[in-house]
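[1] Have a look; sequence and predicted model below, questions after that.
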Amino acid sequence: MMPFPGGIEETANATLLFSFAAGVLYLFIVEARVSLARTAIKTASILLLAILSAVRGGPFLLTAGLLLSSLGDAFLSRNGERAFMGGLASFLVAHLCYIALFSLAGGGYGLLLVDLWRTVVAVLMAGFMLAMMIVLLPRVGPSLRGPVLAYGVAILMMGLSALTLDNYWILAGAILFMASDAILAAERFLTSGVSPNRLAMRIAVWMAYYAAQLTITLGVVLA
């Protein structure tokens, strides 16, 4: 059963399937050498979700966030600090789009103080991000500490803004996004280059990240 009206030949359903196929395919080449093909497959998985959002008349902020995320994927598929900074900047602006989207659609940040479950989740999110920054920043080069801290604040705010919604798909996506970024940071800055855990961590990063973008996209366009 397809999530959108029509069969597999319907544009939205076909776009979703191609995106999922690209996401699964990337799992098999996550450790492959840097190449244009690897970059194209990684970028296509989220770019196709942006196209899906546009086809289904999704909010501009969602489409923009997905486009910026696909740009970030393109940067992070390459090597070097400049590529990493390009990816960080792209995802930072993508999170600002998501923050604006969720904040405008949500019931206000006052809900985080009124509803006990939201308060608990918000405290857990903030505590988790604080712990990550305490562990991470001493291991990051001086030139990266400011950008990494800014990114940490942005993804925390993205998670908190998702908490103002009554859409549990979007909240699940936000939590998965935070988990993905935490594993990515640990793999990049806290794990040695010869660690046997690096492959498993990279697979976990991609699975959590793609699931996050997919659930956020469907949570918005199917609402």
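    Right, received. Where do you want to start? Residues are numbered from 1 along each chain as shown.
[2] residues in contact with the most centrally placed residue in the chain?
    Computing the C-alpha centroid of the chain and ranking residues by CA atoms, centre = their mean puts F177 first, at 4.4 Å. With contact set as CB atoms under 8 Å, 6 or more residues apart in numbering, F177 has these partners: I155, M158, G159, A208, Y209, A212, Q213, I216. Placement of C-beta: from N, CA and C, glycine included.
[3] cool, and G72?
    Counted by CB under 8 Å, 6+ apart, G72 has contacts G86, G87, L88, A89, S90, F91, A94.
[4] any idea how far the fourth one lies from G58?
    Meaning A89. Remark: distance between A89 and G58 (CB to CB, to the nearest Å) = 23 Å.
[5] still on that earlier bit, out of the contacts of G72, name the ones that lie in helices.
    Judged by DSSP state H, helices contain the following of those: G86, G87, L88, A89, S90, F91, A94.
[6] Who wins on neighbours among those residues?
    Tallying neighbours with other CB atoms under 10 Å puts A94 at the head of the ones in helices among the contacts of G72, with 25 neighbours.
[7] Please determine how far it is located from A162.
    A94 is 14 Å from A162, by CB to CB.
[8] packing partners for the helix or strand harbouring Y151?
    For Y151, the host element (DSSP states H and E) is helix 142-163. Applying 3 or more CB pairs under 8 Å, 6 or more residues apart in numbering; DSSP states H and E, we find helix 142-163 packed against helix 81-105, helix 111-114, helix 116-136, helix 168-185.
[9] Could you pull out the buried residues of it?
    If you call a residue buried by 16 or more other CB atoms under 10 Å, then helix 142-163 has these buried ones: 144, 148, 151-152, 154-163.
[10] ditto for stretch 177-194
    Neighbour counts over stretch 177-194 (16+ other CB under 10 Å) mark 177-189 as buried.
[11] And for stretch 99-107, what's in contact with it?
    The contact list for stretch 99-107 (CB under 8 Å, 6+ apart) reads 59, 61-62, 65, 109, 154, 157-158, 161-166, 170, 174, 220.
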